[in-house]
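> Predicted model follows, preceded by the sequence.
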Amino acid sequence: MQITEHIHALKIPFQIPVAPGKTLERFVYAYLVLGTEVCLIDSGVNNSNTLIFDYLENMGRKPEEISLMVLTHAHPDHIGSARAIKAATDCTVATHPETQAWVEDVEQQFKERPVPGFHTLVGGSTAVDRLLQDGDVIVLDPVSLEVILTPGHARGSISLYCKEEGVLFTGDAIPQTNDLPIYDDAATVIASIKRLKDIQDIKYLLASWADPHAGSAAYEVMDGGLEYLQHIHNEIRKIAAKNNVDDAMELCARMVKVLGLPEVAVNPLIAKSFVSHLQSDGAIRNLTIINGADEHQ
Ligand SMILES: [Zn+2]
């Protein structure tokens with residue numbers, strides 16, 4: 001799907017095997033910047049290379065024209081095809097330094113973050129050739145991408161802003177309302193979203209787990225993410241006020257019920273997100289996420 005003159009969105013459907021005989025239907029987006037050369041933003045899950053290469057060929061371009069692959073973070077649905085794409089194109093692979101280790105050693109990632117279906121979703125480890133820091137500008141004739149560090153969902157998670165076309169790529173930085181809350185730290189997610197909201201004149205917001213949003217909807221998505229975090233926070237505060245919350249899975253089970261999430265959400269990955277709302281001493285952080293209209297762009 002063409003979004004702007006140079007930017008295209010590729011929707012990649014996939015299934016997560018969550019339990020024997022049980023799968024969760026999902027999709028993830030990868031993005032192409034088609035200029036003099038081709039830049040790929042995220043690589044989808046394992047075997048997405050076929051879909052990406054077919055798309056390029058339908059556009060009259062060649063897969064070997066991919067000269068740069070930027071990975072917003074190291075989660076399986078972003079790096080799944082990185083190894084195959086690197087092997088086919090010999091492109092430069094670029095990430096933030098805090099993402100590098102989990103891209104270069106996927107078994108280390110699995111050990112530290114054993115998500116369901118990991119080895120189905122990830123095609124293998126890939127060497128990182130270029131490290132991206134906050135504020136770096138990736139020059140892609142005739143457009144460019146500014147690197148914005150937006151951690152919280154994952155360490156070293158980056159967003160990219162193409163100012164020439166007003167396109168913001170957010171990866172998984174913004175939680176989707178009523179979707180599975182997955183983040184390392186709620187307070188850091190909030191700080192990252194607020195930073196993205198400060199960008200003026202965004203024309204398109206391109207996230208990994210949502211269809212493209214244009215115009216004012218871009219800012220509404222960011223506000224929606226903040227409101228969802230506030231709602232989660234308020235509900236955790238209520239539960240913790242009534243009970244002694246010392247069991248992460250019990251907190252997770254209660255929150256999944258309160259939020260109306262599917263039963264498969266009762267797992268350690270989601271529990272970690274909820275627990276991040278609690279300080280280590282068990283007290284609740286007062287995040288005061290939504291401060292009112294003055295924060296809106
Ligand atoms: Zn992710």
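Happy to help now that I have it. Residues are numbered from 1 along each chain as shown.

> Just give me how far stretch 137-157 sits from the chain centre.
12 Å (CA atoms, centre = their mean, to the nearest Å).

> can I get the CA coordinates of that stretch in CSV?
Provided in CSV are the C-alpha atoms of stretch 137-157 (Å, rounded to 0.1, in the frame of the first residue of the first chain):
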residue,chain,number,x,y,z
VAL,A,137,19.7,11.4,10.6
ILE,A,138,19.7,8.6,8.0
VAL,A,139,20.1,10.2,4.6
LEU,A,140,18.2,8.3,1.9
ASP,A,141,18.1,10.1,-1.4
PRO,A,142,15.7,12.0,-1.8
VAL,A,143,14.3,11.7,1.8
SER,A,144,15.7,11.2,5.3
LEU,A,145,14.8,9.6,8.6
GLU,A,146,15.5,11.1,11.9
VAL,A,147,16.2,8.6,14.7
ILE,A,148,14.1,9.2,17.9
LEU,A,149,14.8,7.0,20.9
THR,A,150,11.5,5.8,22.3
PRO,A,151,12.1,3.1,24.8
GLY,A,152,9.6,1.6,27.3
HIS,A,153,8.1,-1.1,25.1
ALA,A,154,11.6,-2.4,24.6
ARG,A,155,15.1,-1.3,25.5
GLY,A,156,16.7,0.6,22.6
SER,A,157,13.3,0.9,20.8
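
> how about the helices of the stretch 1-150 of the chain, start to end?
48-58, 76-79, 82-89, 97-104, 106-112, 118-121 (DSSP state H, counting those that start in this stretch).

> Compare those and give me the one nearest the ion.
Nearest of the helices of the stretch 1-150 of the chain to the ion, taken as CB to the ion: helix 76-79 at 6.3 Å. Glycine gets a C-beta too; all of them are placed from N, C-alpha and C.

> winner for burial among the helices of the stretch 1-150 of the chain?
Across the helices of the stretch 1-150 of the chain, the average number of neighbours (mean count of other CB atoms under 10 Å) peaks for helix 76-79, which reaches a mean of 28.

> So which residues make contact with that one?
If you take CB atoms under 8 Å, 6 or more residues apart in numbering as the criterion, helix 76-79 is touched by 14, 26, 28, 42-45, 71-72, 102-103, 106, 115, 117-118, 121-122, 126, 171-172, 208.

> what do you get for stretch 51-67?
Counting by CB under 8 Å, 6+ apart, 8, 10, 12, 30, 32, 34, 37-40, 43-44, 49, 81, 85, 88-92 sit against stretch 51-67.

> Quote the end-to-end distance of it.
Across stretch 51-67, the terminal residues are separated by 18 Å (CA to CA, to the nearest Å).

> Now that stretch: average pLDDT?
Per-residue pLDDT values across stretch 51-67 average out to 97.

> So what's the gap between the longest helix seen in the chain and the chain middle?
If you go by DSSP state H, the chain has its longest helix at helix 216-242. How far helix 216-242 lies from its chain's middle: 18 Å, per CA atoms, centre = their mean.

> ok, back up a step: from the contacts of helix 76-79, pick out the ones that also neighbour the ion.
Contacts with the ion within the contacts of helix 76-79, counted by CB under 5 Å from the ion: Asp172.

> In strands only, show me the contacts of helix 76-79.
14, 26, 28, 171 (DSSP state E).

> Out of those residues, which comes closest to the ion?
Relative to the ion, and with distances defined as CB to the ion, the nearest of the ones in strands among the contacts of helix 76-79 is Gly171, at 6.8 Å.

> If you drop the residues flanking it in sequence, what lies closest to that closest one?
Thr72 (3.2 Å; CB to CB, 6 or more residues apart in numbering).

> Repeat that for Arg254.
Of all residues not flanking Arg254 in the chain, Ile239 sits nearest, at 5.5 Å (CB to CB, 6+ apart).

> Now do the one you found against Gly152, distance only.
Separation of Ile239 from Gly152 (CB to CB, to the nearest Å): 22 Å.

> Looking at these two, which has the bigger crowd around it?
Per other CB atoms under 10 Å, whichever of Ile239 and Gly152 has more neighbours is Gly152, with 23 against 16.

> Next, the contact list for the more buried one, please.
By CB under 8 Å, 6+ apart, the contact set of Gly152 is 173, 183-192.

> mind redoing it with 7 Å?
Applying CB atoms under 7 Å, 6 or more residues apart in numbering, we find Gly152 in contact with 173, 183-185, 188-189, 192.

> Next step: the residues you listed restricted to helices.
188-189, 192.

> how about those residues in CSV, adding pLDDT, neighbour count and distance to Ala218?
Converted to CSV, the ones in helices among the contacts of Gly152 look like this (pLDDT from 0 to 100; neighbours: other CB atoms under 10 Å; distance: CB to CB, whole Å):
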residue, pLDDT, neighbour count, distance to Ala218
Thr188, 90, 17, 21
Val189, 93, 28, 17
Ser192, 95, 26, 15
